[in-house]
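Trainee: Build me a model from this:
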Amino acid sequence: MSSLAVVNYAEKKGSVEIREISKPVIGPDDVLLEVANVGVCGSDLHQWTSDHSWPVNYPVVLGHEFGGNISEIGANVLEWKEGDRVVSETAAVIDINNPMSKQGLYNLDPTRKGFGYGVNGAMTKFVKVPARCLHKVPDSLPFEQACLTEPCSVAYNSVVVNSNINPGDRVLVIGPGTIGILCAAMAKLCGADVAIVGLEQDRGRLEIASKYGCEGIIGDATEWAKKQDGLGVDCVIDAAGVSATLKMALELVRPNGQITKVGWGPKPLNFSLDPLVQKNVRLQGSFSHNWPIWEKVLFLLASGRLDVNPIIGGVWKLTDWNEAFEQMHSGKVVKSVLKPN
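Mentor: Just a heads-up that it's a prediction; the model follows:
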């Protein structure tokens, strides 16, 4: 049995197409998931445009933000049954004996391989998933929203786990993409006063961010950052990742503040980090997520405390993947969602 899949087949720019692939064969510790919805991530776009900075096992089915119903159960899987509504974490391959995995930080296992670049992802009808990756989705939460648990977990890890944000703090988020807007929403949930800065072409995205109670700024955020006492903001979340935004963060963070970098950018910095030293600023990277974060985020989504509807720009059939990618790449929508079945 075969089904259609969105496949990234080579490193060359634009090397993505619809192909037929065989139905996955699961192992004893896996489930076969029938995909209901899969979100398009910025990393999917980066592989499509070939400006990514991570190794890819070509050819590979794209897609790591997904949920669906369990179709088959491996022989050793006792805690799940066919038909269960689930979402999946992204750490498809880990070394359980790695010291990071033993701490529960398997997202930081250097040998980790994720869906959509290391192993086949979910932009297809069926995907093989290790049972350890699964989380139950409440019946009240539609899959169109549940499939965005993954980017919400990236934001939760950045803001709640890896940043020290207290009620009343002032937080500036750089970059109004999916992760940036969700980081801003998480900072609001932490009780912070939040602004998000982007470019002129981001005006529509900044309007969406305003639905989360965040102030949108185009261009120069200096006035907002320093309006309280002239020293800058307590925390800057860099969700854009390019060199210039880290330089901006260093200028706008207050002495003894924090910069959390979640955006990727492969190019060299070409500027001095001396202000980091002079201002006694903490520079914190934030990558991926783990089990407890997913459980917290699913509670926030199911309870309505966190609403992802404002960022969903549309739902496309799998065969219309190119339009979904283009709409997101051009900035017309914040998040595209595919419906394979």
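Trainee: just the helices in this structure please.
Mentor: With DSSP state H applied, the chain shows helices at 42-49, 99-102, 143-146, 149-156, 178-189, 203-210, 222-226, 243-252, 274-278, 291-303, 321-329, listed in chain order.
Trainee: Need these in JSON lines (columns: mean pLDDT and distance to residue 313).
Mentor: To be clear about C-beta, it is placed using only N, CA and C from the backbone, and glycine gets the same treatment. Compiled in JSON lines, those are given as follows (pLDDT from 0 to 100; distance: least, C-beta to C-beta, whole Å):
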{"stretch": "helix 42-49", "mean pLDDT": "96", "distance to residue 313": "13"}
{"stretch": "helix 99-102", "mean pLDDT": "98", "distance to residue 313": "35"}
{"stretch": "helix 143-146", "mean pLDDT": "98", "distance to residue 313": "11"}
{"stretch": "helix 149-156", "mean pLDDT": "98", "distance to residue 313": "14"}
{"stretch": "helix 178-189", "mean pLDDT": "98", "distance to residue 313": "10"}
{"stretch": "helix 203-210", "mean pLDDT": "96", "distance to residue 313": "9"}
{"stretch": "helix 222-226", "mean pLDDT": "98", "distance to residue 313": "27"}
{"stretch": "helix 243-252", "mean pLDDT": "96", "distance to residue 313": "23"}
{"stretch": "helix 274-278", "mean pLDDT": "97", "distance to residue 313": "36"}
{"stretch": "helix 291-303", "mean pLDDT": "98", "distance to residue 313": "18"}
{"stretch": "helix 321-329", "mean pLDDT": "97", "distance to residue 313": "6"}
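Trainee: out of those, nearest to residue 309?
Mentor: helix 143-146 (6.8 Å; C-beta to C-beta).
Trainee: Please name every helix or strand in contact with that closest one.
Mentor: Helix 143-146 makes packing contacts with strand 30-39, strand 65-73, strand 85-88, helix 291-303, strand 312-317 when contacts are defined by 3 or more C-beta pairs under 8 Å, 6 or more residues apart in numbering; DSSP states H and E.
Trainee: Could I get these in CSV, plus columns for mean neighbour count and distance to residue 58?
Mentor: Listed next are those as CSV, based on neighbours: other C-beta atoms under 10 Å; distance: least, C-beta to C-beta, whole Å:
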stretch, mean neighbour count, distance to residue 58
strand 30-39, 25, 19
strand 65-73, 23, 20
strand 85-88, 24, 22
helix 291-303, 18, 28
strand 312-317, 16, 24
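Trainee: Can you add distance to residue 272 and give the ones you listed back as CSV?
Mentor: Below are those laid out as CSV (distance: least, C-beta to C-beta, whole Å):
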stretch, distance to residue 272
strand 30-39, 38
strand 65-73, 37
strand 85-88, 42
helix 291-303, 34
strand 312-317, 39
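Trainee: Identify whichever of those lies nearest to residue 153.
Mentor: Across these, residue 153 has its closest neighbour in helix 291-303 (4.9 Å, C-beta to C-beta).
Trainee: so that closest one versus helix 178-189, what angle?
Mentor: Helix 291-303 and helix 178-189 are oriented at 80 degrees to each other (axes from the mean of the first three to the mean of the last three C-alpha atoms, to 10 degrees).
Trainee: can you list contacts of helix 291-303?
Mentor: 87, 89, 104, 135-138, 140-141, 145-146, 148-149, 152-153, 156-157, 160-161, 189, 305-306, 308 (C-beta atoms under 8 Å, 6 or more residues apart in numbering).
Trainee: Could you give me the PyMOL selection string for whichever of those residues are buried?
Mentor: Under the burial definition 16 or more other C-beta atoms under 10 Å, those of those that qualify are selected in PyMOL by:
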select buried, resi 87+89+135+137+141+145+146+148+149+152+153+156+157+160+161+189+306+308
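Trainee: Report the contact partners of residue 170.
Mentor: Contact analysis of residue 170 by C-beta under 8 Å, 6+ apart lists 192, 193, 194, 195, 225, 228, 233, 234, 235.
Trainee: Out of these, which is nearest to residue 11?
Mentor: Closest approach to residue 11 among the contacts of residue 170 (C-beta to C-beta): residue 235, at 36.2 Å.
Trainee: Just confirm the closest one contacts residue 252, I think it does.
Mentor: No. If you go by C-beta atoms under 8 Å, residue 235 and residue 252 don't touch, sitting 10.3 Å apart.
Trainee: right, and residue 317 touches residue 338 too?
Mentor: Yes. The pair residue 317 and residue 338 qualifies as a contact (C-beta under 8 Å) at a distance of 7.3 Å.
Trainee: Having no further points to raise, I will conclude here.
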